[in-house]
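>>> This is a predicted model, with the sequence first.
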Amino acid sequence: MDPTAIQRLAPSCRLPWHSHDEGYAAIVLEGGYMEAGDGGRVRVTAGHVLVHSPFSGHADWIDGRGAGIVNVPLPLAAALACRSGRTADPEGLVRSLREAPEAASAILSEAVVEATPAEADLPDRLALAMRQEERLSLAHWAAAHRISTRTLTRQFRQCFGLAPARFRWRARTLAAWRAILLESQPLASVAASFGFSDQAHLTRSVRALTGRPPKAWRRGTRATLSD
């Protein structure tokens with residue numbers, strides 16, 4: 001794949017929820033869209049840079065004017081370290097990455113200087129709560145916000161493209177996977193920290209999301225991330 005080829009997104013189309021095995025940065029050159037992902041929803045316009053870690057997922061609703069983006073593949077360390085935001089010169093960022101692809105992490109870290117605010121309606125507040133509370137009760141949360149569980153579930157699915165339970169599983173498993181790679185605590189402790197019933201539960205979830213168990217990730221990536 002050409003890391004600087006422009007991808008044209010057709011006006012008023014929808015890209016259903018999908019994920020990528022490899023990390024990448026999406027640099028928006030023109031147009032806009034709403035992206036709903038594991039980290040919440042964000043309104044994207046020209047100048048946005050969205051960093052996607054491996055196995056992260058999202059759905060996209062393209063604006064009526066369409067959009068033009070460049071997807072730049074990132075090595076694992078860069079995909080975990082770099083953050084989404086905005087750049088004042090998206091075309092210049094693409095040129096820099098074309099000239100020095102091996103320095104993608106440093107280039108992105110320097111060019112992306114502003115955080116990307118998330119949406120803040122009820123489905124987004126639920127998404128944030130599910131990322132922060134491992135054992136959140138959907139029924140209790142809905143009652144506290146004076147909405148039925150059925151209506152809340154329907155609204156969430158409309159906004160994110162998947163059900164709350166699936167979103168919560170993905171968010172928890174992704175967070176645990178990152179901890180497995182970046183931290184040294186025992187896997188049993190990781191399981192407890194992220195609300196899994198035990199280490200076996202953690203292992204099943206990580207394998208289902210990534211195709212590999214936690215121990216294989218630690219053996220295979222620790223040296224790469226420390227370089």
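Yes, it's here. Numbering: from 1, shown residues only.
>>> hey, let's count contacts and neighbours off CA atoms from now on
Fine.
>>> now the strands for this structure?
6-9, 14-19, 24-37, 40-45, 48-52, 57-73, 85-86 (DSSP state E).
>>> and among these, the most buried is which?
Neighbour counts (mean count of other C-alpha atoms under 10 Å) averaged over each of the strands of the chain peak at strand 48-52, with a mean of 26.
>>> where does this structure dip in pLDDT?
Applying pLDDT under 70 to the chain flags the ranges 1-4, 222-227.
>>> what's the single longest helix in it?
helix 164-182 (DSSP state H).
>>> now for the strands of the chain, which one comes closest to A163?
Smallest distance to A163 across the strands of the chain (C-alpha to C-alpha): 11.0 Å, for strand 14-19.
>>> Quick check: neighbours of that closest one in the sheet, parallel or antiparallel?
strand 57-73 (antiparallel) (DSSP bridges).
>>> Kindly export the strand it pairs with (C-alpha atoms) in PDB.
Extracted C-alpha coordinates of strand 57-73, given in PDB (Å, rounded to 0.1, in the frame of the first residue of the first chain):
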ATOM      1  CA  GLY A  57     -12.300  -0.300  15.500                       C
ATOM      2  CA  HIS A  58     -14.700   2.400  14.200                       C
ATOM      3  CA  ALA A  59     -17.600   3.300  12.000                       C
ATOM      4  CA  ASP A  60     -17.700   6.400   9.800                       C
ATOM      5  CA  TRP A  61     -20.600   8.600   8.500                       C
ATOM      6  CA  ILE A  62     -19.300  10.800   5.600                       C
ATOM      7  CA  ASP A  63     -20.500  14.300   5.100                       C
ATOM      8  CA  GLY A  64     -22.400  15.400   2.000                       C
ATOM      9  CA  ARG A  65     -19.200  16.900   0.500                       C
ATOM     10  CA  GLY A  66     -17.200  13.600   0.900                       C
ATOM     11  CA  ALA A  67     -13.700  13.500   2.300                       C
ATOM     12  CA  GLY A  68     -10.100  12.900   1.200                       C
ATOM     13  CA  ILE A  69      -7.700  11.200   3.600                       C
ATOM     14  CA  VAL A  70      -4.200   9.700   3.600                       C
ATOM     15  CA  ASN A  71      -3.700   6.500   5.700                       C
ATOM     16  CA  VAL A  72      -0.100   6.100   6.900                       C
ATOM     17  CA  PRO A  73       0.900   2.700   8.300                       C
END
